[in-house]
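Engineer: output the structure for:
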Amino acid sequence: MPQIVKGGKHLFGWSRVGNQGKINIPPEAFNEYNLKLEKYAILFSGSKTSGGFGLSSVRILENSIMKELIDKNSSLANYRIPEGEFIEFKNKKYCWVAIQKDSSINLPEKTLHAFGINKNDDLLSGRGSHLAIGFIAKGPIFKEAKKHPEIKVFE
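Structural biologist: Numbers count the residues shown, from 1 in each chain. You can find the predicted model right below:
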């Protein structure tokens, strides 16, 4: 996993958004967050600086400081809202999507746009925290990573 700045964010690679909204989860990230146990992912809006989204699971979130999100939003936690449809909680957007057998997710166009992402965009995937994989769409880390051709691209 590259680290482009000493002491900086650990990166998994670039994930290119496919024409059908397909985003591959880098294998190292998939394994680190133990997503093989999951059928669904919880997505939430990224920071104003980095944009994009975080990808996690109910299992991870319900045992964290984000437990309140799961406790107060059972329609999200139990996947009773339509896939890719948002709820808002504490000024962030949250939705769920299925994790595909090939370790990817498929985001509907409206979901991509809500995260400020377009088809064919490159998202920088990195260790956002112990809670989520960050899929970064802009900002200083994103710009610095563009200078590093050694960072693997997952298409």
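Engineer: from now on I want contacts and neighbour counts done on CA atoms only, so please keep to that.
Structural biologist: Fine.
Engineer: now for residue 67: which residues touch it?
Structural biologist: Going by Cα atoms under 8 Å, 6 or more residues apart in numbering, residue 67 touches residue 61.
Engineer: for residue 155, same thing?
Structural biologist: Residue 155 is in contact with 15-18, 23-24, counting by Cα under 8 Å, 6+ apart.
Engineer: where does it land on pLDDT?
Structural biologist: pLDDT for residue 155: 87.
Engineer: my guess is residue 54 meets residue 127, correct?
Structural biologist: No. Residue 54 is not in contact with residue 127 according to Cα atoms under 8 Å; the separation is 9.6 Å.
Engineer: so which of these two has more stuff around it?
Structural biologist: Applying other Cα atoms under 10 Å to residue 54 and residue 127 shows that residue 54 carries more neighbours, namely 24 against 19.
Engineer: ok, for the more buried one, nearest residue in space, not its chain neighbours?
Structural biologist: Distances taken as Cα to Cα, 6 or more residues apart in numbering put residue 134 closest to residue 54, at 4.5 Å, once the chain neighbours are dropped.
Engineer: before we move on, the earlier item: dump the contacts of residue 155 to JSON lines, plus distance to residue 31.
Structural biologist: Listed next are the contacts of residue 155 as JSON lines, based on distance: Cα to Cα, whole Å:
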{"residue": "15", "distance to residue 31": "16"}
{"residue": "16", "distance to residue 31": "19"}
{"residue": "17", "distance to residue 31": "20"}
{"residue": "18", "distance to residue 31": "22"}
{"residue": "23", "distance to residue 31": "16"}
{"residue": "24", "distance to residue 31": "13"}
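Engineer: can you list the low-confidence ranges for this protein?
Structural biologist: Scanning the chain with the threshold set as pLDDT under 70 gives 1-9.
Engineer: would you list every one of the helices in it?
Structural biologist: In the chain, the helices defined using DSSP state H lie at 27-32, 58-61, 67-72, 74-77, 109-114, 140-145.
Engineer: nearest to residue 120, of the ones you listed?
Structural biologist: With Cα to Cα as the criterion, residue 120 lies closest to helix 109-114 of these, at 11.0 Å.
Engineer: separation between residue 132 and residue 69?
Structural biologist: Using Cα to Cα, to the nearest Å, residue 132 is found at 14 Å from residue 69.
Engineer: before we move on, what about residue 56?
Structural biologist: Using Cα to Cα, residue 56 is found at 13 Å from residue 69.
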